[in-house]
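K.L.:
this one's sequence-less:
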Ligand SMILES: Cc1cc2c(cc1C)N(C[C@H](O)[C@H](O)[C@H](O)COP(=O)(O)O)c1[nH]c(=O)[nH]c(=O)c1N2
């Protein structure tokens, strides 16, 4: 475990967001910082602090999300910021229902171990962010989506990951809660029927960032060996 460390000062949107006429080079220390954010990012469930997130910080991580790649540049996302305890409570109730259903699918010892995992921080985190996908945002024909219609959903997932990494760079924890039925999010957040809720994220400062995924530390699953996942030219060619 490592302590959460000092918070970033609120400041302007980084220079990378402005238009640059030259090829932007990334220095070695900047590169190291990117990798640091990637490897130190964690899914946070149980360590949220109630401290409020300054508006400027929230704006920066939302701007990072908004600069994600998207199929045909359709930018299909919206961001619903959830602070109302009553709204959070409805989502938490939805989690509890889906969690019970999921627990029933595990056998014996694994069911009890699943029940003991902390898998959300809906009420504890000061802000929830629901990232959605408007599949009709730029009309029916989108560059890059015709052969693979799910590409707009993947684009919203890219926004999730940008936000997750930017949040880590701000020393903010993020936890993705997918143990909730989509209809619960539609109802609790007033999401129109044609918009897809892609991710419900719990966001806040934390008491600690774990060094490893909690599911790995709990012995649920190990990290796979990257070498077994790389194929050369054809599937199954091995290393
Ligand atoms: C699409 C999706 C959906 C979920 C998750 C992730 C992703 C990508 N994760 C987090 C997941 O458990 C976690 O990322 C892995 O265990 C790896 O841990 P780190 O993210 O590296 O800490 C997650 N975690 C959790 O506690 N409750 C959840 O419902 C979910 N849902």
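P.N.:
Great, that's in hand. Quick caveat: nothing in here was measured; it's all calculated off a predicted structure.

K.L.:
And the longest strand seen in the chain, what does it pack against?
P.N.:
Identified as the longest strand of the chain according to DSSP state E is strand 195-204. Secondary-structure packing of strand 195-204 (3 or more Cβ pairs under 8 Å, 6 or more residues apart in numbering; DSSP states H and E): strand 127-134, helix 151-169, strand 173-177, helix 182-189. Glycine gets a C-beta too; all of them are placed from N, C-alpha and C.

K.L.:
Check which element follows that strand along the chain.
P.N.:
For strand 195-204, the following helix or strand on the C-terminal side (DSSP states H and E) is strand 208-209.

K.L.:
returning to what we had before: quick one: average pLDDT of the longest strand of the chain?
P.N.:
Across strand 195-204, pLDDT averages out at 98.

K.L.:
picking that back up, now the helices and strands packed on strand 195-204 in TSV, with mean pLDDT and mean neighbour count?
P.N.:
Compiled in TSV, the helices and strands packed on strand 195-204 are given as follows (pLDDT from 0 to 100; neighbours: other Cβ atoms under 10 Å):
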stretch	mean pLDDT	mean neighbour count
strand 127-134	98	21
helix 151-169	98	21
strand 173-177	98	25
helix 182-189	98	18
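
K.L.:
Nearest to the ligand, out of these?
P.N.:
strand 173-177 (4.0 Å; Cβ to the nearest ligand atom).

K.L.:
now that closest one and helix 182-189, what's the angle there?
P.N.:
If you take axes from the mean of the first three to the mean of the last three Cα atoms, to 10 degrees, strand 173-177 sits at 120 degrees to helix 182-189.

K.L.:
Strand 173-177 and the ligand in contact?
P.N.:
Yes. Contact of strand 173-177 with the ligand (Cβ under 6 Å from any ligand atom) involves 175-177.

K.L.:
Which secondary structure elements does that strand sit against?
P.N.:
Packing partners of strand 173-177 (3+ Cβ pairs under 8 Å, 6+ apart): helix 151-169, strand 195-204.

K.L.:
Dump those into a markdown table; add distance to the ligand as well.
P.N.:
Shown next, in a markdown table, are the helices and strands packed on strand 173-177 (distance: least, Cβ to the nearest ligand atom, whole Å):
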| stretch | distance to the ligand |
| --- | --- |
| helix 151-169 | 7 |
| strand 195-204 | 7 |
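
K.L.:
which parts of the protein sit against the ligand?
P.N.:
By the rule Cβ under 6 Å from any ligand atom, the part of the chain lying against the ligand is 42-43, 45, 119-120, 175-179, 213, 215.

K.L.:
tell me which of those residues is nearest to residue 56?
P.N.:
residue 175 (22.2 Å; Cβ to Cβ).

K.L.:
show me what contacts the closest one?
P.N.:
Contact partners of residue 175, counting by Cβ atoms under 8 Å, 6 or more residues apart in numbering, are 43-45, 48, 120-121, 125, 201-202.
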